[in-house]
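Engineer: predicted model follows, preceded by the sequence.
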Amino acid sequence: MSEDALKALLMADEPATPLARDLSFTIEVMQKVERRRLIENIALCTGACAALAVLLYIVMPHVTPGLITLGQAATPAVIMLACLAMAAFGLYQIRPALREFGIRL
């Protein structure tokens, strides 16, 4: 290659050949990233469930007598509050999927 051709090649704004992309490598890296995220999420949920179980183990012996004395009058309210809490948590969890469909909450 002559010096002028080499100089022109080096001075060009665009590369001489387009950069190659290895799609299988990209997919493999994406799979590893998603697998790591999945493991982190599972570990977080497992830790949260274990902490909640320990908390309930500590709190329930003290709360149970109070719940028993409330009797049947508070049972519907407790059931409704539990249903509302589950619905709110489900809505919170599904919000990212709804955003993908253009539904804003």
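Structural biologist: Perfect, thanks for sending it.

Engineer: what's the neighbour count on Ala50?
Structural biologist: Neighbours of Ala50 under the rule other Cβ atoms under 10 Å: 10. C-betas here are computed from N, CA, C, even on glycine.

Engineer: kindly report the same for the one 5 residues further on.
Structural biologist: For Leu55, the number of neighbouring residues by other Cβ under 10 Å comes to 10.

Engineer: moving C-terminal of the longest helix along the chain, what's the next helix or strand?
Structural biologist: Ranked by residue count under DSSP state H, the longest helix found in the chain is helix 23-70. Once the chain leaves helix 23-70, the next helix or strand it forms, by DSSP states H and E, is helix 75-100.

Engineer: what angle do that next one and helix 23-70 make?
Structural biologist: 160 degrees (axes from the mean of the first three to the mean of the last three Cα atoms, to 10 degrees).

Engineer: helix 75-100: how far from the chain's middle?
Structural biologist: How far helix 75-100 lies from its chain's middle: 17 Å, per Cα atoms, centre = their mean, to the nearest Å.

Engineer: report the buried residues of that helix.
Structural biologist: By neighbour count with 16 or more other Cβ atoms under 10 Å, helix 75-100 contains no buried residues.
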